[in-house]
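[1] My questions are about this predicted structure, shown below with the sequence.
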Amino acid sequence: MKSKAEATALARATITGSLTIEGDPAAMAGAPVQLIGFGGWSGRDLVAQTITHEFTFDEQGGWLMTPELAAKT
């Protein structure tokens, strides 16, 4: 019983979120993400669970990507 309770507690102890930034051809789901200059979020061991791409058709062209981040606390 104790190990199941601990597993449930660990599953709940997560950080999740997303951010939208300029697209990067080297970005891959499952890759580590480092947030620099984000206060208390800097230095956390975050992982890009998924990455959504949105192409932009403005003067500069290119695309934006939104990685969904997650980490155990």
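    Arrived safely.
[2] Let me see the confidence value for T8.
    According to the prediction, T8 has pLDDT 67.
[3] in the protein, which spans are helices?
    Taking DSSP state H, the helices of the chain run over residues 2-12.
[4] any weak-confidence spans in it?
    Within the chain, the stretches with pLDDT under 70 are 1-2, 6-13, 72-73.
[5] Which parts of it are strands?
    14-18, 21-22, 32-33, 46-55, 63-72 (DSSP state E).
[6] Out of the ones you listed, which is the most enclosed?
    strand 63-72 (a mean of 16; mean count of other Cβ atoms under 10 Å). Just so you know, the C-beta spots here come from the backbone N, C-alpha and C atoms, and that holds for glycine as well.
[7] Now do that one against strand 14-18, angle only.
    If you take axes from the mean of the first three to the mean of the last three Cα atoms, to 10 degrees, strand 63-72 sits at 170 degrees to strand 14-18.
[8] Okay, now the sheet partners of strand 63-72, with direction.
    The pairing partners recorded for strand 63-72 under DSSP bridges are strand 14-18 (antiparallel), strand 21-22 (antiparallel), strand 46-55 (antiparallel).
[9] so which of these gets nearest L35?
    strand 46-55 (6.7 Å; Cβ to Cβ).
[10] hmm, back to that, would you format the strands of the chain as CSV with distance to G39 included?
    Below are the strands of the chain laid out as CSV (distance: least, Cβ to Cβ, whole Å):
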stretch, distance to G39
strand 14-18, 13
strand 21-22, 17
strand 32-33, 16
strand 46-55, 14
strand 63-72, 15
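[11] closest one to L64 among the strands paired with strand 63-72?
    strand 46-55 (4.8 Å).
[12] Dump the closest one to PDB, restricted to CA.
    Output of strand 46-55 as PDB, limited to C-alpha atoms (Å, rounded to 0.1, in the frame of the first residue of the first chain):
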ATOM      1  CA  LEU A  46      12.000  20.500 -17.700                       C
ATOM      2  CA  VAL A  47      11.200  18.300 -20.600                       C
ATOM      3  CA  ALA A  48       9.300  19.200 -23.800                       C
ATOM      4  CA  GLN A  49       6.400  16.700 -23.700                       C
ATOM      5  CA  THR A  50       5.000  17.800 -27.100                       C
ATOM      6  CA  ILE A  51       5.800  20.600 -29.500                       C
ATOM      7  CA  THR A  52       3.200  22.300 -31.700                       C
ATOM      8  CA  HIS A  53       4.300  24.300 -34.700                       C
ATOM      9  CA  GLU A  54       2.500  27.300 -36.200                       C
ATOM     10  CA  PHE A  55       3.800  28.700 -39.500                       C
END
